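**Q** Turn this into a model:
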Amino acid sequence: MRRLAAVLPLFLVAGSLAEVRRYSVNTNPWTYVCDSTNSSIGGHFVGARCIKTENAEGSTAIGLNECKMTCGEFGVVWPQPLAMQKSNEVVRFIPQDVRFTSITGGDAVVNMVNKFSEIFQEYLLMKSSDYKYYKVDPFNTKPFISDTKIEISVAVTDEDVSLTSNVDESYKLEIMSSDKSKRDLFKVKVTAQTYYGARHALETLSQMIGYDDLSDTLMIYKSATVTDAPSFPHRGVLLDTSRNFMSVDVIKQVISGMSYDKLNVFHWHITDSHSFPFYSQNIPELSLYGAYSPKKVYTPQNIKDIVDYARVRGVRVLPEFDAPAHAGNGWQYAEKKGLGKLAVCVNQEPWQKYCVEPPCGQLNPVNDNLYPELGKLYSDFYDLFQTDQFHMGGDEVNLNCWNTSAEIRAYLNENGQTGTEEELLKLWNDFQFRAAEEVYKAWGSRPPLIMWTSRLTEKGEVEKYLSKEDYIIQIWTGGEDSVISELINKGYRVIFSNHDAWYLDCGYSSWVGEGNNWCSPYKGWQLAYDNNPRQIYRDQGGSPDKEDLILGGEAAMWSEQVDGAAVMHKLWPRLSALAERLWSDPTHTWKQAEIRMVSHREDLVARGISADALQPLWCNQNEGLCYVSKA
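**A** Predicted coordinates:
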């Protein structure tokens, strides 16, 4: 009989007793050896790699996963940590041998770590190729006698579990043998300033544990030390759920995938002119008029559930209410309530004259009834999301929409104006000032406000409209746009989402005609990996002492051509490439990361993420041999 170590209370439902035929480690004809000569193949630097070779008769075979773990500086850990030392030996165990023995840091921290420990235990089960069902242990019927014990301790300094934009995410992780008298006892020590650093440490630990398909067991390093912290504080993805609705379950799956890559900002573009699925407790008519259907609505309980789900996984939910453009359906309720038109150009045709894509709609800045309604809406956002930042959108305002609307034309005439670009920009600026004041009232403070690059942020313009103390600018123009360096040089904090690398909805057919969509071609993981915000700024003559103004970046998944059925494989594994860029900011290019990336994609799939395949499986088993020779 095998002996099982003490475990957390969550274990487990018994698995199937079905007999499965397996290869013996001593009869497998293949083995893997590590080539650490850091050689070049086809003119490309490859680094350490595992080579498949025929196993000598009578020798114990080394499986591919064991070789990947022990070959190379970082094994298969993704994103690459700041510093990692590890032994080249592993010890085998099964999930029941793992337990959390000590958690310190205050009640709130202990509660969060306990929640994540259950997620961590599920990670271990997912590593088996036989894993099928939640909390059903695929190792429960395996003929493996384990004498190994792995004890995990977690020590957190800060008792506050608030997830803010400047939270400390650093950590230290150590794996060590207990002492010589207890050869099979291994201790894992996690230390961090905050819970979120500790969570990241446990994420790293889960990737320092591999599955050995030859012995059908798990493996962990006999000793290792990782010291780690992110290079950028803002690492995220934008998901648009207005153009196509996505279920709560799909959103949670996206957040889970983000946590695997240590991404920490889920930027939720929750409304647009197409639909208004956000249920406002203060203005319920918005979703009544604007949702695609009563079932395609995010209730307050849905949102609280998503925020809590994300927080335990180290992900902050950042809501965006895009305005004054991208606001149409839903706002029709106002006239029946005697508020006048709060939005103009709603569903107006021909749409090309009034907006960038159908359907049109922009808020009416000259209707004084708009601003108290915005205040009610912002109060809902604050109550549900409890975030220390707020995204106000602010892009793609169509001045012609305002200039041809009866209410706004009347306002201009009354004020002796003709509707020049300068006058309409002032109108936009007045809207932004009044809307921001409503945000400040709702928050009871002055949270940093985020806005997209727009006509207000063009060269020589931004300081006339937006204060660098109040606003963070999210860059969606191309990486060669000189406005990038101008914004940073003027002291504005920025978030990169340059469309020529990090717009992941690009490269598909047009949805309003023939040909490809506007931002084609497709952005491969290699391009996403090499998109380096600091280097972009440096290439524009940027000053090193201003690089801290680059907060990080986000990939964007606008949903004109994606919904919950396809979003996961359109995001991953390309999102993992962005994650390593923003966590590690490596000095090398994608080529040096390719072997780990291909392996990481396999790990994502094992965890239920429907990540696109990058190469034939043969390439994963024959590292470095899928290349094009350099001329």
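**Q** Leaving out chain neighbours, which residue sits closest to M451?
**A** Counting by Cβ to Cβ, 6 or more residues apart in numbering, M451 lies nearest to G394, which is 4.0 Å off, once chain neighbours are set aside. Yep, even glycine has a C-beta here, placed from its N, CA and C like the rest.
**Q** mind listing what the one you found touches?
**A** Contact partners of G394, counting by Cβ atoms under 8 Å, 6 or more residues apart in numbering, are D322, A323, P324, A325, Q432, M451, W452, S454, L456.
**Q** Mind doing that once more with 10 Å?
**A** G394 makes contacts with 320, 322-326, 428, 431-432, 435, 449-457, 465-466, 471, 473-474, as judged by Cβ atoms under 10 Å, 6 or more residues apart in numbering.
**Q** what do you get for G507?
**A** Shown here is G507, whose contacts under the criterion Cβ under 10 Å, 6+ apart are N516, N517, C519, S520, P521, Y522, K523, G524, K570.
**Q** Which is the succeeding secondary structure element to the helix or strand Q526 falls within?
**A** Element membership for Q526, per DSSP states H and E: helix 525-530. The C-terminal neighbour of helix 525-530 among helices and strands, as given by DSSP H and E, is helix 533-539.
**Q** Off-centre distance for that following helix?
**A** Computed by Cα atoms, centre = their mean, to the nearest Å, the separation of helix 533-539 from the middle of its chain amounts to 22 Å.
**Q** list the buried ones in it?
**A** Of the residues in helix 533-539, those buried by neighbour count under the rule 16 or more other Cβ atoms under 10 Å are P533, R534, I536, Y537.
**Q** same check, this time on stretch 366-377
**A** Taking 16+ other Cβ under 10 Å as the neighbour-count basis, stretch 366-377 is seen to contain the buried residues V366, N367, L370, Y371, E373, L374, G375, L377.
**Q** out of the residues you listed, who's nearest D240?
**A** Nearest to D240 among the buried residues of stretch 366-377, counting by Cβ to Cβ, is L377 at 18.4 Å.
**Q** pLDDT of the strand or helix carrying that closest one, averaged?
**A** Here L377, judged by DSSP H and E, is contained in helix 370-385. Along helix 370-385, the predicted local confidence has a mean pLDDT of 98.
**Q** Can I get that helix in CSV? Just the C-alpha atoms.
**A** This file holds the C-alpha atoms of helix 370-385, laid out as CSV (Å, rounded to 0.1, in the frame of the first residue of the first chain):
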residue,chain,number,x,y,z
LEU,A,370,-26.5,64.4,-18.6
TYR,A,371,-24.1,65.0,-15.8
PRO,A,372,-26.3,64.0,-12.8
GLU,A,373,-27.1,60.8,-14.7
LEU,A,374,-23.4,60.2,-15.3
GLY,A,375,-22.8,60.7,-11.6
LYS,A,376,-25.4,58.0,-10.7
LEU,A,377,-23.7,55.7,-13.2
TYR,A,378,-20.2,56.4,-11.8
SER,A,379,-21.5,55.7,-8.3
ASP,A,380,-22.5,52.2,-9.5
PHE,A,381,-19.1,51.6,-11.0
TYR,A,382,-17.4,52.6,-7.7
ASP,A,383,-19.6,50.6,-5.5
LEU,A,384,-19.2,47.4,-7.6
PHE,A,385,-15.5,47.6,-8.7
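**Q** after it comes which helix or strand?
**A** For helix 370-385, the succeeding helix or strand toward the C-terminus, using DSSP H and E, is strand 390-391.
**Q** who touches that following strand?
**A** Under the contact criterion Cβ under 10 Å, 6+ apart, strand 390-391 has outside partners 238, 267-270, 318-322, 378, 381-382, 436, 439-440, 442-443, 447-452, 472, 474, 495.
**Q** And the worst-scoring helix or strand of the chain on mean pLDDT, how far out from the chain middle?
**A** Within the chain, no helix or strand scores below strand 44-45, which has a mean of 79 by mean pLDDT, DSSP states H and E. Its chain's average C-alpha position is 30 Å from that of strand 44-45, according to Cα atoms, centre = their mean.
**Q** buried sites along the helix or strand just after it?
**A** Next in sequence after strand 44-45, counting helices and strands by DSSP H and E, comes strand 49-54. Taking 16+ other Cβ under 10 Å as the neighbour-count basis, strand 49-54 is seen to contain the buried residues R49, C50.
**Q** would you list every one of the strands in the stretch 251-400 of the chain?
**A** Per DSSP state E, counting those that start in this stretch, the stretch 251-400 of the chain has strands spanning 265-269, 316-320, 343-344, 362-363, 390-391. These are given in chain order.
**Q** ok, and for the first one, which residues are buried?
**A** Taking 16+ other Cβ under 10 Å as the basis for neighbour counts, the residues of strand 265-269 that come out buried are V265, F266, H267, W268, H269.
**Q** Quick check: bridge partners of the first one?
**A** This points to V265. Counting by DSSP bridges, V265 is bridged to G236, R316.
**Q** With distance to V190 and mean pLDDT added, can I get the strands of the stretch 251-400 of the chain in TSV?
**A** As requested, these are arranged in TSV below (distance: least, Cβ to Cβ, whole Å; pLDDT from 0 to 100):
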stretch	distance to V190	mean pLDDT
strand 265-269	23	98
strand 316-320	21	98
strand 343-344	50	98
strand 362-363	48	98
strand 390-391	33	98
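**Q** Could I get those strands in CSV, plus columns for distance to I119?
**A** Shown next, in CSV, are the strands of the stretch 251-400 of the chain (distance: least, Cβ to Cβ, whole Å):
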stretch, distance to I119
strand 265-269, 17
strand 316-320, 17
strand 343-344, 42
strand 362-363, 41
strand 390-391, 28
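**Q** of all the ones you listed, which lies closest to K172?
**A** Of the strands of the stretch 251-400 of the chain, nearest to K172 by Cβ to Cβ is strand 316-320, at 22.8 Å.
**Q** what angle do that closest one and strand 265-269 make?
**A** The directions of strand 316-320 and strand 265-269 differ by 20 degrees, with axes from the mean of the first three to the mean of the last three Cα atoms, to 10 degrees as the criterion.
**Q** Distance from strand 316-320 to the middle of the chain?
**A** That offset, for strand 316-320, works out to 12 Å (Cα atoms, centre = their mean).
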